[in-house]
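Colleague: Following is a predicted model, sequence given first.
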Amino acid sequence: MIDFVAPLTKNKLVLSDSKLVSDSGEKFPVIDGIPRFVELDNYANAFGLQWKSFAKIQLDSYNGSTISKDRLVRCLGTSLAELQGKTILEVGCGAGRFTEHLVSSGALVHSVDLSAAVEANHDNISDKPNYRIAQADVYKLPFNENSFDIVICLGVIQHTPSPEKTIHALWNMVKPGGTLVIDHYTFDWMYLLKPIMFYRFFLSRMKPEKSKRIVESLVGFFFPLHWKYRSSKLMTMLLNRLSPCYVYIKTFPKMDYDFHFHLTRLDTYDGLTDYYKHLRSKTQIENILKKFKPHSLSVWKGGNGVEARAIKPIG
């Protein structure tokens with residue numbers, strides 16, 4: 001496993017009295033077994049509440065699907081068996097939908113998140129010899145640069161202050177010959193056809209607890225209608241104009257009412273309360289990555305919008 005270092009100075013850290021400390025006096029608390037390299041109150045507070053409230057719904061091991069595994073394998077471009085022994089940095093780990101597969105593969109997994117979601121992740125994965133987690137900022141990661149075989153960041157970059165700066169910070173963590181795996185939101189007519197931006201204008205400015213109560217009420221009213229009329233094109237079209245809910249009934253048709261209801265609770269809260277929501281086209285993501293002059297680059301439309309995989313040159 002790769003040791004933690006001080007995010008800014010990169011000084012070596014050792015554990016002492018529930019803190020990680022350096023020879024120069026830098027100190028970082030370890031709370032509930034998790035090193036904390038950021039202020040606990042930050043722009044990702046809503047995500048922290050989100051993942052602690054919906055800690056298991058996206059875990060394949062909990063919902064009985066392979067949704068997260070399939071997405072992970074597609075983005076990696078390789079089977080999970082090929083990850084054994086590789087050093088992996090997972091940025092924006094959330095509650096662990098991808099973490100559980102990375103850890104099970106035998107990879108040496110280092111997961112970080114800016115929010116308190118790290119607590120849900122730690123509870124879901126538990127202590128494993130090939131798993132390490134920390135609360136940290138992508139712009140101030142507690143690792144030396146050029147350290148990881150694979151750096152993976154899915155469902156996250158669009159929610160950071162600057163996607164370009166974030167991708168650059170992730171690239172710096174990839175060792176020569178290693179791989180960066182990312183995705184990003186692209187423009188979707190849903191943003192104009194549904195009243196999402198109207199609700200988001202108000203909800204993203206509220207305290208997480210208050211916005212969550214409002215979202216729960218909205219989902220409680222609209223989702224049963226989405227489900228009841230799921231086979232009616234006319235009613236589905238009408239509901240999509242009125243409802244702010246994120247609904248995936250057609251995307252995952254084999255999943256039952258309970259799964260979809262809770263997934264809608266999760267993603268509607270996610271989509272209406274995120275502090276940052278950037279959109280980038282396939283071409284824009286491709287151009288960002290081309291500036292790093294990767295050995296190879298693949299960018300395609302898929303998942304939440306656009307997905308990409310780039311290999312860092314060895315030279």
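Modeller: The structure has been received and is ready for your questions.
Colleague: Which residue ranges of the stretch 201-315 of the chain form helices?
Modeller: Secondary structure of the stretch 201-315 of the chain (DSSP state H, counting those that start in this stretch): helices at 208-228, 233-242, 257-273, 282-290.
Colleague: So which of those is nearest Asp60?
Modeller: Evaluated over those, closeness to Asp60 peaks at helix 257-273, with 11.6 Å, by CB to CB. C-beta coordinates here come from the backbone N, C-alpha and C atoms, glycine included.
Colleague: Tell me how far the closest one lies from the chain's centre.
Modeller: Centre-to-centre, helix 257-273 and its host chain are 15 Å apart (CA atoms, centre = their mean, to the nearest Å).
Colleague: Could you list the residues in contact with it?
Modeller: Residues outside helix 257-273 that contact it (CB atoms under 8 Å, 6 or more residues apart in numbering) are 46-47, 50, 53-54, 57-58, 63, 65, 196, 199-200, 203-204, 206, 208, 211-212, 215-216, 218-219, 223, 226-227, 244-249, 252, 255, 277.
Colleague: Next, Arg71: secondary structure please.
Modeller: The three-state label given to Arg71 by DSSP: H, G, I helix; E, B strand; the rest coil is helix.
Colleague: ok, it to Ser22 distance?
Modeller: Using CB to CB, to the nearest Å, Arg71 is found at 38 Å from Ser22.
Colleague: So if I had to pick from these two, which one is more boxed in?
Modeller: Taking other CB atoms under 10 Å, Arg71 and Ser22 do not tie; Arg71 has more neighbours (20 against 16).
Colleague: per-residue pLDDT, the residue nearest to Phe187 when sequence neighbours are not counted?
Modeller: Distances taken as CB to CB, 6 or more residues apart in numbering place Leu279 nearest to Phe187, at 5.1 Å, with adjacent residues excluded. Reading off the confidence values, Leu279 has pLDDT 92.
Colleague: which phi and psi does Leu279 have?
Modeller: phi -120, psi 140 (degrees, to the nearest 10).
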